[in-house]
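Asker: could you work out the structure for the sequence below:
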Amino acid sequence: MEKNRLAVSRKGFDVEISNMAIENLLPYAKTLYPPKDDEKIDHLIVTTRAPHAKKALQALIRRLTPQSTIAFLQNGLEVVEEINSLFFPDPATRPNYLLGVWPHGVFSPKEPLFEPFRVVIGSSGRLKLGVVLPTREGPPDLTKTPAHAALPPTTAYLLSSLLSAEDLAGIHVAPQEVIASDLERFALNAVIFPLTVMFNCQNGALLHNSYVAQVVKVLLHEISMVLCKLPELEGLYNKDQRFSEETLYNMFVRVARYNGEKESTMLQEVKKGIPTEVEYLNGWIVKKGKELGVECKGNYMMLHIVKAKEKMAARERERELPIEGLGTRF
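Answerer: Next up, the predicted model:
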């Protein structure tokens, strides 16, 4: 791990490498520790991007029990909803959850050689963690912070481990506060990401342009309407002001200016032909808008613009593939 140009190494880990990881991330790696399908998993931290979470968990479902604890560190609420729907529809069989907002800027260096187990911390913040325990009596109470002594053993252990990691600067808060903090970042990503894809530009190019500003305000108006009606935020202090269109727009300006010379991850994914998170961002807003009676035509349009860009990029990459026996590309 590299931070402030100081690298620190840690060794002695047992590693299971799935086929997906070998195919997509580690083409030169060998299995260091064969998976044990019958070995139960007590503590699991999911740090994949949102579209990959269900595939990553699918191979591990048989090893998770109601006594296990899973920490989710992704954008938005769609991942947990999707995992529950696909794998744990019955709360009685559902593991305990830790929801986390990951504010740290972490990336793998590309030069001189891509090293998947080497990470660089570019920026830091406070990792907010909230505990969500399964309940059969309706939805869990998201406004309370359960006492540490009342937590299941695996939850208490994983929470303590994450909070004790000094570099993470973790704090234990009510799940509702984790969700609210996550949705603030979510709202900005749902605007900045698809617009940089549409205009094929860096983040800062979205500023100082009155025409772009009007599009941003349309998207934020819809997003604000949806977030303020979410049942997960019911009773949250100062909710309407925190998620007002004006507040979100001011945050958009600050974030776009601070990251002005960077390309959004969504634009990078489109260029690389990697599926984006647009369905977990604008797609989620559209879906929730239908449930809550909020029309989200702007976000619907952005969803389909990005999906169209993905398809165009995929076709371009197909044309670059050489065909065996032919001396030309098509």
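
Asker: now do the strands in the stretch 1-150 of the chain.
Answerer: Counting by DSSP state E, counting those that start in this stretch, the stretch 1-150 of the chain has strands at residues 2-3, 6-7, 43-46, 69-72, 96-101, 105-107, 120-123, 128-132.

Asker: nearest to Val79, out of those?
Answerer: Checking the strands of the stretch 1-150 of the chain against Val79 by CB to CB gives strand 69-72 as the closest, at 6.0 Å. The C-beta positions use only the backbone N, C-alpha and C, and glycine is treated the same way.

Asker: from the contact counts, what lies against that closest one?
Answerer: Applying 3 or more CB pairs under 8 Å, 6 or more residues apart in numbering; DSSP states H and E, one finds that strand 69-72 contacts strand 43-46, helix 78-86, strand 96-101, helix 153-164.

Asker: of these, which approaches Ile70 most closely?
Answerer: Evaluated with CB to CB, the helices and strands packed on strand 69-72 place strand 43-46 nearest to Ile70, the distance being 4.8 Å.

Asker: domain map for the chain?
Answerer: 2-172, 176-319 (automatic domain parsing).

Asker: can you list the low-confidence ranges for the chain?
Answerer: For the chain, applying pLDDT under 70 flags the ranges 17-37, 76, 110-116, 123, 320-330.

Asker: give the buried residues for the longest helix seen in it.
Answerer: Criterion DSSP state H: the longest helix present in the chain is helix 175-199. Across helix 175-199, burial judged by 16 or more other CB atoms under 10 Å covers 175-198.

Asker: quick one: residues contacting Val270.
Answerer: Contacts for Val270 (CB atoms under 8 Å, 6 or more residues apart in numbering) come out as 197, 276, 306, 309-310, 313.

Asker: how far is the one helix or strand it maps to from where the chain is centred?
Answerer: Taking DSSP states H and E as the definition, Val270 sits inside helix 265-272. Distance of helix 265-272 from the chain centroid (CA atoms, centre = their mean, to the nearest Å) equals 15 Å.

Asker: quick one: work out the angle between that helix and helix 175-199.
Answerer: Angle of helix 265-272 versus helix 175-199, following axes from the mean of the first three to the mean of the last three CA atoms, to 10 degrees, is 40 degrees.

Asker: could you say what helices and strands whichever helix or strand comes after helix 265-272 packs with?
Answerer: Downstream of helix 265-272, the next assigned helix or strand under DSSP H and E is helix 282-292. Here helix 282-292 touches helix 175-199, helix 210-229, helix 297-319, going by 3+ CB pairs under 8 Å, 6+ apart.

Asker: ok, now with 6 Å
Answerer: On a contact count with 3 or more CB pairs under 6 Å, 6 or more residues apart in numbering; DSSP states H and E, helix 282-292 meets helix 210-229, helix 297-319.

Asker: what angle sits between that helix and helix 297-319?
Answerer: 150 degrees.

Asker: flag every buried residue along helix 282-292.
Answerer: By neighbour count on 16+ other CB under 10 Å, the buried set for helix 282-292 is 282-289.

Asker: what residues of stretch 239-248 count as buried?
Answerer: Buried residues in stretch 239-248, defined by neighbour count with 16+ other CB under 10 Å: 239, 242-245, 247-248.

Asker: between which two of these is the distance greatest?
Answerer: Checking the buried residues of stretch 239-248 with CB to CB, the most distant pair is Lys239 and Glu245, at 13.6 Å.

Asker: hmm, who's touching the longest helix of the chain?
Answerer: 75-76, 99, 101, 128, 130, 132, 142-143, 203, 206, 216, 219, 223, 227, 232, 236, 248, 251-252, 255, 264, 266-267, 270, 281-282, 302, 305-306, 309 (CB atoms under 6 Å, 6 or more residues apart in numbering).

Asker: same deal with stretch 254-266?
Answerer: Contacts for stretch 254-266 (CB under 6 Å, 6+ apart): 188, 192-193, 196-197, 202-204, 206-207, 276.

Asker: state the pair within the residues you listed that is farthest apart.
Answerer: Spatial extent of those (CB to CB) is set by the pair Leu207 and Thr276 at 22.3 Å.

Asker: what about these two, which has more around it?
Answerer: Neighbour count, other CB atoms under 10 Å: between Leu207 and Thr276, Thr276 has more, with 24 against 14.

Asker: name the residues that touch stretch 133-142?
Answerer: Residues from elsewhere that reach stretch 133-142 (CB under 6 Å, 6+ apart): 91, 94, 96, 132, 175-176.
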